[in-house]
Structure formats: C-alpha cells, structure tokens
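**Q** sequence and computational prediction follow.
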Amino acid sequence: MSDVWPTIHAERTALADELASLNEEQWRTPSLCSGWSVRDVLAHMTATAKMTPPKFFGKLIAVGFRFDRFFAREIERENDAGSATDVLSEFRRVSSRTSAPPGPRVTWLGETIVHAEDIRRPLGIAPSYPMDALVPVADFSKGSNLLMGAKQRIAGLTLAATDTTWSTGSGPVVSGPMQSLLLALTGRPVTLDELSGDGLNTLRGRLGQSTTPAT
C-alpha cells in the first residue's frame, strides 16, 4: 500500500462506532492481549496515535527500556482521563492523526487491525478487513521477532491463504483465511480452529507455549 493512513483512519472510525454502545461490564471484558481489558487495548491504541519518535524514545528511556512498563504507563495515563466513555472520546479525537512511534508505516496499519481484533473477537464482533491491508501487514509481520516473535513462531512451516494468493515459508502447510493466519502468526491462538493442514499441530503447540504479545 502506498499510503496506509486512509485505511488506518477508516478502521479506527469503524472500531469507535462499534464500541459506542458498550456497557461498563463489556469494557472490562478480557481482550486477546494477556492481562489487558478491552478498555486497556483501546487506551493503548489511543496512546499510540499520540506518540512521536522523540516522545517514544524519551518515555522508553525513562522506564529503563522495559516495554511492559512503557505500555502499562501509557495505558494508565489514558485510563486516568476518566470513564470508558471518556477514553473512547479521546480515541475518536486522535483517530485521524498520522503521528506514531518510530517504525515502518505498515507497522501502524498492523497495530490498528490486530488490536481491533484483540477487542472485537472477545466481544463477538466479526468485521472483515480489506485484503490489500491484511497482506502487507502479514508480509511485514512474518519477518518480525522483536516483541511479536512471528518469525520464530512460523519457522519451518508454510502458511497459505485460502481466500487470496498469499503464502510464505516452507515445510508443513497451515492454511486458512488471510485474517485468521495474520492473527495466528502474531500470537493469537483464537483463530487456530479456523485453520487446517499438516503444520497446524506444530503451530498450535508453539502458540500454546507463549503468551499473546501485548503489542
């Protein structure tokens, strides 16, 4: 994709619209990110939309380069702004920004799609995403070990989409919808039942040995 921002903005807006009717109990629903509620993930997405490279490095240095503490502080800061409704309002306010931490722009497209699924899946919301957004995110994610661990997770396996012409790797095959493959390679075991193939048990074992990354 030559410009990811229109897709990011559209996906943020769609997510905000879907969350507008949540009650307090739904906001407390555990997300796909271990230890984070639905509200926490949205707070994280809000903080990310506000971030710039100078802010990112300054805050990371302040916590001794501990990413878990860095994320926790940003979530706490956003949640301290008020109620869940206030957090959602702030997310809407910053949803059209193009600021982000350092990294390739496709990273922030992936952040938007994957974290939206971290929220939507536990709430029973099942949207579809543009294929021309899913594919570049998967292409980037498959080679990433930093924080995400995808490269190691899918080593020695072939991942093959059944709804588009995309595949990666070599070895026993894991096949399924592109969206399901993306979540699996980024550490979300929730989609394993949507996949099939000779390599599925290997992937299932690897996902069972790790905690869903909070990134």
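**A** Sure thing, it's come through. Residues are numbered from 1 along each chain as shown.
**Q** could you use CA atoms for every contact and neighbour count after this?
**A** Will do.
**Q** avg pLDDT for the lengthiest helix in the chain?
**A** What stands out as the longest helix in the chain, according to DSSP state H, is helix 105-123. Across helix 105-123, pLDDT averages out at 96.
**Q** repeat for stretch 13-27
**A** Computed over stretch 13-27, the average pLDDT equals 97.
**Q** which residues sit against that stretch?
**A** Contact with stretch 13-27 is made by 37-39, 84-85, 88, 91-92, 95, 116, 123, as judged by C-alpha atoms under 8 Å, 6 or more residues apart in numbering.
**Q** for stretch 96-103, same thing?
**A** Counting by C-alpha under 8 Å, 6+ apart, 5, 9, 48-53, 55-56, 108 sit against stretch 96-103.
**Q** kindly report the same for stretch 193-201.
**A** Contacts to stretch 193-201, defined as C-alpha under 8 Å, 6+ apart, come from residues 157-158, 171-177, 180-181, 192.
**Q** quick revisit: wait, which of the contacts of stretch 13-27 is closest to residue 132?
**A** residue 116 (16.8 Å; C-alpha to C-alpha).
**Q** next up, the contacts around the closest one.
**A** By C-alpha under 8 Å, 6+ apart, residue 116 lies in contact with residue 15.
**Q** for residue 43, same thing?
**A** By C-alpha under 8 Å, 6+ apart, the contact set of residue 43 is 74-75, 78-79, 87, 91.
**Q** so which of those are in helices?
**A** Counted as lying in helices by DSSP H, out of the contacts of residue 43, are 74-75, 78-79, 87, 91.
**Q** what's the local residue count around residue 7?
**A** Residue 7 has 18 neighbours, counted by other C-alpha atoms under 10 Å.
**Q** need the three-state assignment for it.
**A** Assigned state for residue 7: helix (three-state reduction, DSSP: H, G, I helix; E, B strand; the rest coil).
**Q** now it: how far from residue 170?
**A** From residue 7 across to residue 170, the span is 31 Å (C-alpha to C-alpha, to the nearest Å).
**Q** do residue 4 as well
**A** Residue 4 is 29 Å from residue 170, by C-alpha to C-alpha.
**Q** same check, this time on residue 127
**A** 30 Å.
**Q** got it, and residue 8?
**A** Counting by C-alpha to C-alpha, the gap from residue 8 to residue 170 is 31 Å.
**Q** now residue 137
**A** Distance from residue 137 to residue 170, by C-alpha to C-alpha: 19 Å.
**Q** more neighbours: which of these two?
**A** Legend: neighbour count by other C-alpha under 10 Å for residue 137 and residue 170, higher for residue 137 (22 against 12).
**Q** count the residues that sit near the residue nearest to residue 81 when sequence neighbours are not counted.
**A** Excluding its sequence neighbours, the residue lying closest to residue 81 (C-alpha to C-alpha, 6 or more residues apart in numbering) is residue 87, at 6.9 Å. A count of nearby residues for residue 87, using other C-alpha under 10 Å, gives 20.
**Q** any idea of the pLDDT on residue 87?
**A** Value listed for residue 87 in the pLDDT field: 97.
**Q** what do you get for residue 149?
**A** Per the predicted model, pLDDT is 86 at residue 149.
**Q** buried residues in the strand or helix carrying residue 58?
**A** Using DSSP states H and E, residue 58 sits in helix 53-62. Residues of helix 53-62 classed as buried by neighbour count (16 or more other C-alpha atoms under 10 Å): 56, 59-60.
**Q** ok, those residues vs residue 153, which is closest?
**A** Nearest to residue 153 out of the buried residues of helix 53-62 is residue 60 (C-alpha to C-alpha; 26.1 Å).
**Q** thank you kindly, that will do.
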